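Participant: Turn this into a model:
(2 chains)
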Amino acid sequence: MVSSGVAAPTRTEILGLYRSLLRVARDFCDYNIREYTKRRTIDGFRENQNLTDANSISSAYLEGKSQLAVRKTTVCCVLSVRPQS
Amino acid sequence: MLPFYLARYGNAHSRTHYYGWESDLVVETARSQISDLIGASPKEIIVTSGATESNNISIKGVMHFYKDKKRHVITTRTEHKCVLNLCRHIQQEGFEITYLPVGSDGLVNLDELRAAIRPDSGLISVMAVNNEIGVIQPMEETGQLCNEFKIPFHMDAAQALGKIPIDVEKWNVIEPLINGGGQEKGIRSGTLPTPLIVGFGSACEIARKEMDYDHKRITTLQDRLLNGIREKIHGVVINGSMERRYAGNLNLSFAYVEGESLLMGLKEVAVSSGSACTSASLEPSYVLRALGVEEDMAHTSIRFGIGRFTTEAEVDRAVDLTVKQVEKLREMSRLYEMVKEGIDKKQIQWAQD
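Facilitator: Numbers count the residues shown, from 1 in each chain, chains lettered A, B, ... in the order given. Presented below is the predicted three-dimensional model:
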């Protein structure tokens, strides 16, 4: 099945996404969420590093982008605020 | 969830405007996400305020419906308190309950279950994963028995959902009743809390996608915890089967140590003795008693919970604190001194006897 004309992401784009995901993780002030986010990103990219088929690479990349959007929203609204002690 | 708390707060039952249609749509999406996780059909999902309510609806519902012909319920001694209380309640209404014992590994014996079935058995209720000791009951085999005898199978899966694979179709579980809230087919009325359902649905989808990854990691962490503790101290007993277990729930007893004191020394670690539901009382856990654990060992039991967000550093810290506290308490214990000298407590002739 040919994907609808969307080219697979370049190596630069993929590495850029990886760096963005890790950078956003740093903003979580909750220790557990922060560590999980970093770890899951690294494991996720490692798991997919040997993909060769353009479709799987594209869909993994898009999944990564949507995770980035979720993280940015969460950091923005919720988890970068320290509870008042 | 946030949009539905802030601006898109339509009642999912309102049929006349866009707010309502939109809420209805996301609720239906959530139903699919939930049913995908357990191998059911979205139409079978009924949303309630929690597992306690769901258990009430299922057990009382089924038994009251068939009350003319079916007067008997089979369950286990290690079920959640709400199920046991429920059974006791309907016992007062005249129903008969068989509380099956469990082995020292916490598992139900399928032969005993088969032997307990009567012509007037109306329901078999077995929980998938025990919240105190983490053992996984033989759900598929129980389902097959229920199918063979045409008895409805009620499964309390509150601890199992999202953590072990569940297939209600394959296990012959009756109409799944899961968390949420609603007007569901006349079975449970009340306005649906859209944000909660949306959140629950998303959680189910995430759990389904991440189950393998999480399970591998949690199993590794459990080994790290158990081995870390056992390398440094002896007299550590695991409560419940190690083979049939959800890795994130480890219940350990430490010989020659008093439970409350141990817990106080572990304040930095979010562990519990017994389960949250019974933590107000000092009574030793009925689940451990059902396993045949002696009272002193039951009092000294600690449940360690490991999850998706637990880190290696946290496990190592828990090991350190546990080992230190156990060693400190044993140091102070006369009883332990006697054990080290080879004296058997049971052989002692106390002056009062």
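Participant: Enumerate the residues of chain A near chain B.
Facilitator: Residues of chain A lying close to chain B (C-beta under 8 Å from any C-beta of the partner chain) are A:Y31, A:N32, A:I33, A:E35, A:Y36, A:R40, A:D43, A:C77. Every C-beta, even on glycine, is put in place using the N, C-alpha and C of the backbone.
Participant: okay, and for chain A, where does confidence drop off?
Facilitator: A:1-6, A:76-85 (pLDDT under 70).
Participant: Contacts only, for the closest residue to B:I164 other than its chain neighbours.
Facilitator: The spatially closest residue to B:I164, leaving aside those adjacent along the chain, is B:Y246, at 5.8 Å (C-beta to C-beta, 6 or more residues apart in numbering or on different chains). For B:Y246, the residues meeting the contact criterion (C-beta atoms under 8 Å, 6 or more residues apart in numbering or on different chains) are B:V129, B:G134, B:V135, B:I136, B:Q159, B:A160, B:K163, B:I164.
Participant: For the residues of chain A next to chain B, work out which two are farthest apart.
Facilitator: By the measure C-beta to C-beta, those have their two most distant members at A:D43 and A:C77, which lie 25.9 Å apart.
Participant: In terms of helices and strands, where is the residue of chain A found nearest chain B?
Facilitator: The minimum distance from chain A to chain B, using C-beta to the nearest C-beta, falls at A:N32 (3.9 Å). Using DSSP states H and E, A:N32 sits in helix A:31-47.
Participant: Can you give me the neighbour number for B:E283?
Facilitator: Residues contacting B:E283 under the criterion other C-beta atoms under 10 Å in any protein chain shown number 11.
Participant: make that B:G235, sorry
Facilitator: The criterion is other C-beta under 10 Å. On that basis, B:G235 has 16 neighbouring residues.
Participant: in the top helix by length along chain A, what counts as buried?
Facilitator: The longest helix of chain A (DSSP state H) is helix A:54-74. Of the residues in helix A:54-74, those with enough neighbours to count as buried (16 or more other C-beta atoms under 10 Å in any protein chain shown) are A:S58, A:A60, A:Y61, A:G64, A:Q67, A:L68, A:R71, A:T74.
Participant: again with stretch B:319-333
Facilitator: Of the residues in stretch B:319-333, B:V319, B:L321, B:T322, B:V323, B:Q325, B:V326, B:L329, B:R330, B:S333 count as buried by neighbour count, 16+ other C-beta under 10 Å.
Participant: in stretch B:200-216, what's buried?
Facilitator: Going by neighbour count (16+ other C-beta under 10 Å), the buried part of stretch B:200-216 is B:F200, B:G201, B:A203, B:C204, B:E205, B:A207, B:R208, B:D214, B:H215.
Participant: right, and out of those, which lies closest to B:T311?
Facilitator: Of all the buried residues of stretch B:200-216, the one sitting nearest B:T311 is B:D214; the distance, using C-beta to C-beta, is 13.6 Å.
Participant: Apart from its neighbours in sequence, what residue is nearest that closest one?
Facilitator: Nearest one to B:D214, counting by C-beta to C-beta, 6+ apart, is B:R308 at 4.9 Å.
Participant: Make sure that neighbour is actually in contact with B:E210.
Facilitator: Yes. With contacts counted by C-beta atoms under 8 Å, B:R308 reaches B:E210, the gap being 7.1 Å.
Participant: that older thread, could I have the buried ones of the residues of chain A next to chain B as PyMOL selection syntax?
Facilitator: Applying 16+ other C-beta under 10 Å to those leaves a buried subset, and the PyMOL line that selects it is:
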select buried, chain A and resi 33+35+36+40
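Participant: Reformat the residues of chain A next to chain B as TSV; add distance to B:E258.
Facilitator: Supplementary listing: those in TSV, determined by distance: C-beta to C-beta, whole Å:
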residue	distance to B:E258
A:Y31	32
A:N32	31
A:I33	36
A:E35	34
A:Y36	35
A:R40	40
A:D43	41
A:C77	46
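Participant: Out of the residues of chain A next to chain B, which comes closest to B:S41?
Facilitator: Looking across the residues of chain A next to chain B and measuring by C-beta to C-beta, the closest to B:S41 is A:R40, at 31.1 Å.
Participant: quick revisit: just name the closest of the buried residues of stretch B:319-333 to B:L252, please.
Facilitator: For B:L252, the closest of the buried residues of stretch B:319-333 turns out to be B:T322, at 8.5 Å, with distances computed as C-beta to C-beta.
Participant: Contact partners for the closest one?
Facilitator: For B:T322, the contacting residues are B:I229, B:L266, B:V269, B:I302, by C-beta under 8 Å, 6+ apart.
Participant: give me phi/psi at the second one?
Facilitator: Spelled out, that is B:L266. Comment: the main-chain dihedrals of B:L266 come out as phi -110, psi 30, following degrees, to the nearest 10.
Participant: how far away is the residue lying closest to it once chain neighbours are set aside from B:E260?
Facilitator: Taking C-beta to C-beta, 6+ apart, and ignoring the residues beside it in sequence, B:L266 has B:L321 as its nearest neighbour in space, at 5.7 Å. Separation of B:L321 from B:E260 (C-beta to C-beta, to the nearest Å) stands at 16 Å.
Participant: thinking again about what came up before, now the contacts of B:Y246 in TSV, with neighbour count, secondary structure and pLDDT?
Facilitator: As requested, the contacts of B:Y246 are arranged in TSV below (neighbours: other C-beta atoms under 10 Å in any protein chain shown; DSSP: H, G, I helix; E, B strand; the rest coil; pLDDT from 0 to 100):
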residue	neighbour count	secondary structure	pLDDT
B:V129	24	strand	92
B:G134	28	coil	91
B:V135	28	strand	93
B:I136	22	strand	94
B:Q159	22	coil	83
B:A160	21	coil	85
B:K163	23	coil	85
B:I164	18	coil	87
